[in-house]
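A.B. asks: Got a predicted structure here, sequence first:
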Amino acid sequence: MRTISYIEAINEAMREEMQRDENVFVLGEDVGKKGGVFRATDGLYDEFGEDRVLDTPLAESAIAGVAVGAAMYGMKPIAEMQFADFILPAVNQIISEAAKMRYRSNNDWSCPLVVRAPFGGGVHGGLYHSQSVEAIFANQPGLKIVVPSNPADAKGLLKAAIRDPDPVLYFEHKKAYRLLKGEVPNEDYVVPIGKADVKRSGEDLTVITYGLMVDQTLKVAEELQEEQDISVHVLDLRTIYPLDQEAIIEAARKTGKVLLITEDNKEGSIIGEVAAIVAEHCLFDLDAPIKRLAAPDAPSMPYAQSLEKDFMVTPDQIEAAIVELAAF
Amino acid sequence: MLEYIKMPQLGESVTEGTIDRWLVKPGDTVEQYDSIAELTTDKVTADLPSQLSGTIQEILVPEGETVAVGEVVCSIVVAHGEAATPAESPSSSSETTKSVAAAPQSTPKHSADQKKRVSPVVGRLIDEYHLNIDLIEGTGAGGRVTRKDVLREIESGIISSQLTHEEKPTTRDTQVKEAIPEENGDVIIPVSSIRKTIAKRMVDSVTQIPHAWMTIEVDVTELVKLRNAHKKQFKEQEGYNLTYFAFFVKAVAQALKEYPMLNSVWKGDTIVQKKAINMSIAVASDDELFVPVIQNCDQLSIAGIASQIAILAEKGRKKQLNVKDMSGGTFTVNNTGSFGSVHSAGIINAPQAAILQVESIVKRPVIVGDGMFAARDMVNLCLSLDHRILDGMICGKFLARVKELLENMTISSTSVY
């Protein structure tokens, strides 16, 4: 095992898959010579050349459209959106074409495409470099959406996404890029898509979340265990569409108290669906109302640092919510 | 005034920076925005501008070391009153306000007793394990009984640890402890969860409550006449029996109203005198004992009480009593006379203050008036009391009042409706 950062794990996953399968190629804005604005594709251009690491125009619709076409012809494109905020011009290609390809062609065609997009706030990025857009895609059967919460999952999920025969949206948290470091196996491995993961076992209440909030929750949980003897069970969704219902139900039943966290706006977010699953299946296991912690229903992350802090779900808020639910 | 300079955020996704070289040393005076150190991050090399004007006090991060964004790198003495607000203002006060503001709107106000707010899982467990929620200590907000409280109660031995959640409490526990050697012909009876609950309750009551006892004799000759006068017609009209027990329960309920201390509950540092008079009555099936409750018993007529007794006894025999039927009791009356007993010492139904045993009505020669013998219908009432709550005198007065009420139940003065 080695300790590497989240972004290094993403870089390694692409490099290894490109070495393993010559059909895998990368395309996006500045992904070539520059190695990506976050340096996620660092070194790939030098190793694999301009035919497999394509710099594209500033046209997300084209990036996704080219990728869809290539995927239909048997290639395995990894399309990078420079920021998830800019994925919107590509939505038509992703939802109307990629997601529906296998279905509408009666299984004749498929679209083994990965769209990588850095999302999330807390990086002083303002309105168009901070958004969480995953909910937009989370009711489109045919799509899969994954959000890794640590380096090992980042690598394993990206490899699984690249090898998946259907389109996968891979949302990577840009604040996690260099913040999160962790042990990653040396050998080749994948993290199965569609499976949530218990990141911490506890008895008093269950937190179900994904992305950067997993790390924040784990830190708060550790503190609360020591300081207040509150034992928190943490389930990392990892795949946010389609959801791992079995794991959600099991985690909710374990403690009967459920806190759901997302840094997306509250209404219509992924955790609303998680709440519905818990409500449908776990009524007679619940010991408290299902609680949600999320960003306010305002259009986007403000730029001013003080307001950004106010917008983000902070460890203080997570702690307060856990303490309150534990006391219920 | 001492202030601190922190590692700034130098670009998106940058979470830490390395101090390459300090450009100042302790004692140097700097103006706001002066460069005080050279930094490198994953993305850029930059100068660290001083966020304040003042005199550098102490360098807290040595050259070459990497620290997270927001961590303090040096301290600076700022002229008093000046620049109390740093140029970059992640002020701690705004964070405090924030966490207060973040307190969810749904915060329940715990002014009222939350004990009766039963969550779905607690309701299910109470039902499955035939527990009495009143006897479970609630550690949740406002004294609410939480799932953990119920699980603790279940695991604490009421129900054996072998009994898993999936097993219904009616399932017989097949595990028997091997303490006593078994011989041919011995019958092994598994202890049911209800039997275990009864056992636990009894042990708790006997070990925790200092019991004291008191017995009085009551002449119910007139009451017997009264009941016999109505018995046949009542049964025909109402379809259930007008039992003696209903009269006793009525008299006890009325006396409790006058002596509310006997209608109280022990809570450790307080004694709660209950306003409602909810009468627990013991109902036995073949191998089990239930104590269902006649709610607001004092508001019912004798016929109303008789009806409730009939309904609850029937439910008990059919094992249909639910949590609601069993909860809220404030005093227990036990009809020991129905099995022919003439004297007994009951175990208090905790956390109530006392239990009254109504024994058999028997004809006995009694001296009446001026030294004459008469055959009278006599009954013993045996009271067990919690001596933490009650003393002999008040109980004596209470029993005397019950006696008086019963002896004055006559055909001419008492209506059963």
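C.D. replies: Noted; the coordinates are in hand. Numbers count the residues shown, from 1 in each chain, chains lettered A, B, ... in the order given.

A.B. asks: Over to the residue nearest to B:Ile59 when sequence neighbours are not counted. Which of the three states is it?
C.D. replies: Leaving aside its sequence neighbours, B:Ile59 sits nearest to B:Cys74 (CB to CB, 6 or more residues apart in numbering or on different chains; 5.1 Å). Quick note: C-beta positions are derived from backbone N, CA and C, even for glycine. Three-state assignment for B:Cys74 (DSSP: H, G, I helix; E, B strand; the rest coil): strand.

A.B. asks: that's a strand at A:His233, yeah?
C.D. replies: Yes. Counting by three-state DSSP, A:His233 is found in a strand.

A.B. asks: For it, the count of nearby residues, please.
C.D. replies: Counted by other CB atoms under 10 Å in any protein chain shown, the residues lying close to A:His233 total 23.

A.B. asks: Looks like it contacts A:Thr209 (just checking).
C.D. replies: No. Between A:His233 and A:Thr209 there is no contact under CB atoms under 8 Å: 11.6 Å.

A.B. asks: Mind listing the shared neighbours of these two?
C.D. replies: By CB atoms under 8 Å, 6 or more residues apart in numbering or on different chains, A:His233 and A:Thr209 have no common neighbours.

A.B. asks: B:Asp269 - how many residues pack around it?
C.D. replies: A count of nearby residues for B:Asp269, using other CB under 10 Å, gives 5.

A.B. asks: State the distance from it to B:Gly142.
C.D. replies: Per CB to CB, to the nearest Å, B:Asp269 is found 18 Å from B:Gly142.

A.B. asks: which residues of chain A score low on pLDDT?
C.D. replies: Low-confidence segments of chain A, defined by pLDDT under 70: none present.

A.B. asks: which bits of it sit near chain B?
C.D. replies: Taking CB under 8 Å from any CB of the partner chain, the part of chain A that reaches chain B is made up of A:38-39, A:118, A:123-125, A:129, A:174-175, A:177-179, A:203-204, A:255-257, A:283-289, A:291, A:305-306, A:309-310, A:314, A:316-317, A:320-321, A:324, A:327-328.

A.B. asks: and if we set it to 7 Å?
C.D. replies: Selection of chain A residues close to chain B by CB under 7 Å from any CB of the partner chain yields A:38, A:123-125, A:129, A:174-175, A:177-179, A:256, A:283-288, A:305-306, A:310, A:316-317, A:320-321, A:324, A:327-328.

A.B. asks: Which of those residues are buried, as a ChimeraX select command?
C.D. replies: In ChimeraX syntax, the buried subset of the residues of chain A next to chain B is picked out as below (16 or more other CB atoms under 10 Å in any protein chain shown):
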select /A:38,123,124,125,129,174,175,177,178,179,256,285,286,287,288,310,317,320,321,324,327,328
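
A.B. asks: Just the residues of chain A next to chain B: which are in helices?
C.D. replies: Of the residues of chain A next to chain B, the ones assigned to helices by DSSP state H are A:Tyr177, A:Arg178, A:Leu179, A:Gln305, A:Ser306, A:Asp310, A:Asp316, A:Gln317, A:Ala320, A:Ala321, A:Glu324, A:Ala327.

A.B. asks: how many neighbours does A:Ala299 have?
C.D. replies: Residue A:299: Pro, not Ala. 9.

A.B. asks: now it, what's its secondary structure?
C.D. replies: coil.

A.B. asks: Quick check: closest non-adjacent residue to it.
C.D. replies: Setting aside the residues directly before and after it, A:Pro299 is nearest to A:Leu127 in space (CB to CB, 6+ apart), at 7.6 Å.

A.B. asks: Run through the residues that contact the one you found.
C.D. replies: A:Leu127 sits next to A:Ser300, A:Met301, A:Tyr303 when contact means CB atoms under 7 Å, 6 or more residues apart in numbering or on different chains.

A.B. asks: go with 8 Å
C.D. replies: Going by CB under 8 Å, 6+ apart, A:Leu127 touches A:Asp85, A:Pro299, A:Ser300, A:Met301, A:Pro302, A:Tyr303.

A.B. asks: top of those by neighbour count?
C.D. replies: Greatest neighbour count in the contacts of A:Leu127, by other CB under 10 Å, goes to A:Met301: 25 neighbours.
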